[in-house]
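Q: Model the following, please.
(2 chains)
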Amino acid sequence: MKRRDFLIRSALLGCSAAASPFMTPVALASAPWDARLVVVILRGAMDGLDMVRPYGDPDYAGLRGGLTGGGVGEADLDGFYALHPSMEPLRPLWQQGALGFAHAVSTPYRDQRSHFDGQDLLEAGTVGLDTGRSRDGWLNRLLQSVPGVSGETSFALGRDQMLLMRGDAPVSTWAPESDLNLSAQARLLLEMVSHDDPLFSGAVTDAIHIAESLGLIDVPETAMDAQDMVSQRMKDNRKQAANGHRLLAEFAAARLKEEARIAAFSLNGWDTHKGQKPAIKRAGTQLAEVIGLMQTELGPDIWGKTVVLAMTEFGRTARINGSAGTDHGTGSAMVMAGGALRGGQVWADWPGLAEADLYAKRDLMPTRDVRAHAAWTLRSLFGIEQSVLETKVFPGLDMGGDPRLVL
Amino acid sequence: MAFDPVLAEIRFGTGLSAQRSLPNGSEDLLRRLSGPDTAAQTYPVPSLIGEGGAEVRLYNQLLRARNKARGTKNEEAARKELVAQRRKLRKIELRNARHILLRGILSEDGFRERLVWFWSDHFTIGPRNQQLRASLASYAEDAIRPHVAGRFADLLWAAETHPIMQVYLDQQRNIGPNSVAAQKSKKQLGLNENLAREMLELHTLGVGGGYTQAEVTGLAGLLTGLQIEKYTRPVFKTRTAEPGPFMILGQSWGGAPKTREADLRAFVEALAVNPVTLRHLARKLAVYFVADTPDEGLVEHVAAALIGSNGDLMAGYRAMLEHPAAWDPAPSNVKPPLDFVVSACRALDVHPAMIERMKDRNVQSKFLVPMSLMGQAWMKPNGPDGLPEADDRWVSPQGLAERIQWSMTAPQALTTRLPDPRDFVVTALADRAPEAVKFAAKAAETEWEGVGLILSSPAFQRR
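A: This next block holds a predicted model:
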C-alpha cells in the first residue's frame, strides 16, 4: 500500500469511528435527557384482576375465589389491593416506593377483543385503528418530537416486532441472541472488505462494538467451533425460551447504562384461557424477574432515574370460565417500577365489580385511559409538553389531571 | 451502460450460480418469464382456493368439534385430533418454506422469483388468525404468481379479493350499514375502511395520489359484499352489500347489491389503468430493482410504457430493462434477507436434497430464525406497507451482525465440502469482485472464514 493510500484510509476510518456514537464520549452529552424509560408490552392480555387483586372489593371473592383460593389479604398492599404471589419478591420495591400500579385502565379499544388489533392500538397509541395511520408507534412519535435523538437513544429489543418503536425517528434494534464470533484476522479482513462502503463499514464497527460491550464475541478456533456455537445458541433459544426475558432485561440495562435512554421489549404468555393459576404464575415470575434485574443491573444511580411501564392490550373477564381461566376482557392494570416512580401506591378510580359496574356485564370497567398514565410519565420524566403529548404522541388523548406518577 | 449478463443475474435474478446459464440479453430474461413456470411445477405450494384450503377447512371443523366436546368425555380425543391437524399444517408451512427457497436457489428464471417477491411485498399480507397462519404461502401462489407477467388489473383483483388479504385487512368486518345483513342483525354492523384505504394508499394511487377520505369511504362501501366462503374462497354476498352508488374519484360507481361483483370489477379495472397508479408502480419497480433513489428518466420511461399499454406489466419490465440507468454497474441496493440467503445458497451450489430433506427444526435454525434476526420474519411483515426499501434499514448493526454470523457458519452446514474461497469469489461475484474481497479470500486463515468474508462483503450484499 502506498503511503498516500494509507493516509486516506486512516482518515476514512477515523471519520467513520468518530461518526459512530459508540466510539465517542460526546454521544453521551448529546442524549436528549438523563432519565431512562423502559416500556414492556405484556402480550396476550394480562389479567389485572389477578396480578393486582382488589380483595377489598365485596364482589372480588365471589368472582375470583376459584383462582386465589382465599387468604388474599396476606399479600396486602394497602388495605384494598393485594399482590399476586409471583410478584411477592418485589415487595421491598413497593416498600421503597419503586413499585406501583395503575388499575382499571385500558386503551380506547373496545368490544372486538382481538389480540392483534388490541396490541396494534396499544402500540400505535391512537384512538382507533381505522381513523388514523397506525404505522408508527407512540414511542417513535415521541422521539420524532424531540431534538438530539440518535439511533442509539432507543432500543427495540427481542424478536417480537415492536410497532411501538416503529416510525421515522431512528431506533436501534437488537435481539440479545445475536452474537458475532470472529477471529482477529477475520475481523480485520471484514473491516477491509467493508471499508469503501460507508454504510457497511459504520455498521460493522458498531456491531463489533455492541457485541464486545455485551461480551457476545467468542472467538471460534475452527469452523466446527463456530458451527457449534451457533447450534448451541439455537438449542439455548429453544430450551431456554424460559430464560429469554432475563436476556432482554440484562441487555436493556446494559444499553441504558450507556447512551440509550429508552428501551422497549415484550413479555409474552399472558393469554390465560385455561389453567390460569400456573400460567399467570409463570408470566408474573418473568415480569418480576425483569423488574428485579433492571434494578440490580442498572445500579442505584441509574435506577433512580428510571421508570418501567409494563402495559397490556386489554384485560380479562371478571368471571372465571369453565377451564379455570379467563377470557378476553377490557379493563386491566399497568405495572410500574423504577427509582424515579412515586410508587408504593395503586392509582385507580375503582369502578367496582358488581355486575352493574362491569363493562358489558362481564369485564372490569376501564375508568382511565392507560395512555394518560404513559403521557404523564413522559411529561414528568422527559419534560415533554402536554400539547405535544395530546396531539402528536397520543393524538386525541385528553390527559386529564396529573396523577403525579414520577418523583 | 448496457445489458450485462452477470449484472442481470445479480440485480434482476436471484444471484450467480456455477450451474445456471446466464441470460444473454433483456429479451432472454423476458422470454424465460413468459415461458412455463418450471420452478412452481417442480416445487409446488398448495393453493388455498383449491386443494390447500381443504386442510384449513378440516382444521376449522376439528376446532369446532373440540369446542363442542368441551367438558364431555370426548374432549380429550377431539383435542388430540385438533393438535395433530395443527402439526400437519405446521409441517406444510415448513415444506412451503423449503419450496420457496429452492425455487430461488435453482431457478433459471430468477427474474420471475424476484417479481413474485416484489409483488407479494407490494400486496403485503400477514397472519391475522391462527387458522390461516400456516397457509400464508398459498396467497402468493394463488394471487400473485399467476399474474406477475400479465395485466396489473388482474393482479390487483386477485390480490384484493384473496381470502388471506381479506382477513389481513378486515374485509370480513366491512358490512354495509344499510345492507340486509346489518338490518337483520342485533349487533351494530358497519363499514371497515382498512382494505379500501390500503388499496388506494399502498396498492394503487399511493400516498399523495389525489384521493381523500371521501374516496376511502366510498371504496369501502363499494367493497361491501366481498366476503369469504368456507374460510378459503372469495365470494360475493349481496346480503352484506351496501346499496350504491358511491362517488369515488369524481365518478359514480356501483348500484344495487346484486351487481356488486361486476361493479367492483369495473372500478378495479379503472383504478388499475389510472396513470397515477401506474406512475406509483413504475417508481416502486425502479426503487426495488435498481436503486433507493432511482434515475428519474428510468422511472418516467417505465411509467410511460405502463401507461401506454394500460398496465401490461411485461411492457413495464421491458422498459426498465432497456433503460441504460438499469445497468449502472455500481453496486446498489442491499439484498433483503431472503434474497441474501437464496443468492448465497445459489453461489454455494447447495444441493437441493440438502434442503428437501432438511429436518423441520433445521429449516428454522438455518434459515427462518436467522432471517428473522436479519429483520425479515418469515411471512410476518411489520405492517401492510411491507418490507423497508431503504438500504440503511437492513444494514443496522444487529442486522449486519446476523448476516456476518450466518455467512461464517451456514455454508459449512449446507454443503458437504466448502469451496476454495479463491474460486468461490469468482463464482459468487465473477468480474464484479473488488480487489479487497479477492485479497480477503486469499488472506483468510481458514476456508470457512474466507467464504464467510466473501458473503459478508458489501460487494455480495448489494446488487
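Q: Could you list the low-confidence segments of the chain?
A: Went with chain A since none was named. Where chain A drops to pLDDT under 70, the residues are A:1-31, A:130-134, A:177, A:213-224, A:226-242.
Q: the helices in it, which residues?
A: A:3-19, A:26-30, A:48-51, A:60-68, A:91-96, A:115-124, A:138-144, A:184-194, A:198-213, A:223-239, A:244-256, A:276-303, A:370-382, A:386-388 (DSSP state H).
Q: Of all those, which one comes closest to B:Ala436?
A: helix A:184-194 (5.0 Å; Cβ to Cβ). Every residue, glycine included, has its C-beta placed from N, CA and C.
Q: mind checking how far the spatially closest residue to B:Val425 that is not a sequence neighbour is from B:Glu435?
A: Excluding the flanking residues, the one nearest B:Val425 by Cβ to Cβ, 6 or more residues apart in numbering or on different chains is B:Ala441, at 4.3 Å. Distance from B:Ala441 to B:Glu435, counting by Cβ to Cβ, to the nearest Å: 11 Å.
Q: Comparing those two, which residue is more hemmed in?
A: B:Ala441 (27 against 8; other Cβ atoms under 10 Å in any protein chain shown).
Q: A:Gly44 versus the more buried one, what's the distance?
A: 48 Å.
Q: can you tell me the helix or strand for B:Ser407?
A: helix B:397-414 (DSSP states H and E).
Q: now swap in B:Ile175 and tell me
A: Per DSSP H and E, there is no helix or strand for B:Ile175.
Q: and it, what does it touch?
A: By Cβ atoms under 8 Å, 6 or more residues apart in numbering or on different chains, the contact list for B:Ile175 reads B:Ala181, B:Ala182, B:Leu189, B:Gly190, B:Leu191, B:Asn192, B:Thr224, B:Thr240.
Q: go on, B:Leu169?
A: B:Asn194, B:Leu195, B:Glu198, B:Pro384.
Q: Also near chain A: which of the residues you listed, exactly?
A: B:Asn194, B:Pro384 (Cβ under 8 Å from any Cβ of the partner chain).
Q: Out of the contacts of B:Leu169, grab the one that's most surrounded.
A: B:Leu195 (26 neighbours).
Q: Surely that residue touches B:Val167?
A: No - the pair B:Leu195 and B:Val167 fails to qualify as a contact (Cβ atoms under 8 Å) at a distance of 10.2 Å.
Q: What degree of burial does the residue lying closest to A:Pro147 once chain neighbours are set aside show, as a neighbour count?
A: In space, and not counting its chain neighbours, A:Pro147 is closest to A:Pro32: 6.9 Å by Cβ to Cβ, 6+ apart. Neighbour count for A:Pro32, taken as other Cβ under 10 Å: 16.
Q: Check A:Glu258 too.
A: A:Glu258 has 14 nearby residues by other Cβ under 10 Å.
Q: And the one 4 residues further on, by the same measure?
A: Other residues lying near A:Ile262 total 27 when counted by other Cβ under 10 Å.
Q: before we move on, what about B:Pro127?
A: There are 18 residues near B:Pro127, going by other Cβ under 10 Å.
Q: How about it, nearest residue that isn't a chain neighbour?
A: With sequence-adjacent residues excluded and distances taken as Cβ to Cβ, 6+ apart, B:Pro127 is closest to B:Arg133, at 4.5 Å.
Q: distance of the one you found from chain A?
A: For B:Arg133, the distance to chain A (Cβ to the nearest Cβ, to the nearest Å) stands at 11 Å.
Q: mind checking the backbone torsions on that residue?
A: phi -50, psi -50 (degrees, to the nearest 10).
Q: circling back to that earlier point, for chain A, tell me whether the helix holding B:Ser407 is touching it.
A: Yes - Helix B:397-414 reaches chain A (Cβ under 8 Å from any Cβ) through B:Pro397, B:Gln398, B:Gly399, B:Leu400, B:Ala401, B:Glu402, B:Ile404, B:Gln405, B:Met408, B:Thr409, B:Gln412, B:Ala413.
Q: can you redo those as JSON lines with neighbour count and pLDDT?
A: Shown next, in JSON lines, are the residues of helix B:397-414 next to chain A (neighbours: other Cβ atoms under 10 Å in any protein chain shown; pLDDT from 0 to 100):
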{"residue": "B:Pro397", "neighbour count": "26", "pLDDT": "84"}
{"residue": "B:Gln398", "neighbour count": "24", "pLDDT": "84"}
{"residue": "B:Gly399", "neighbour count": "24", "pLDDT": "89"}
{"residue": "B:Leu400", "neighbour count": "27", "pLDDT": "93"}
{"residue": "B:Ala401", "neighbour count": "28", "pLDDT": "91"}
{"residue": "B:Glu402", "neighbour count": "26", "pLDDT": "91"}
{"residue": "B:Ile404", "neighbour count": "28", "pLDDT": "94"}
{"residue": "B:Gln405", "neighbour count": "26", "pLDDT": "90"}
{"residue": "B:Met408", "neighbour count": "29", "pLDDT": "90"}
{"residue": "B:Thr409", "neighbour count": "26", "pLDDT": "87"}
{"residue": "B:Gln412", "neighbour count": "21", "pLDDT": "88"}
{"residue": "B:Ala413", "neighbour count": "16", "pLDDT": "88"}
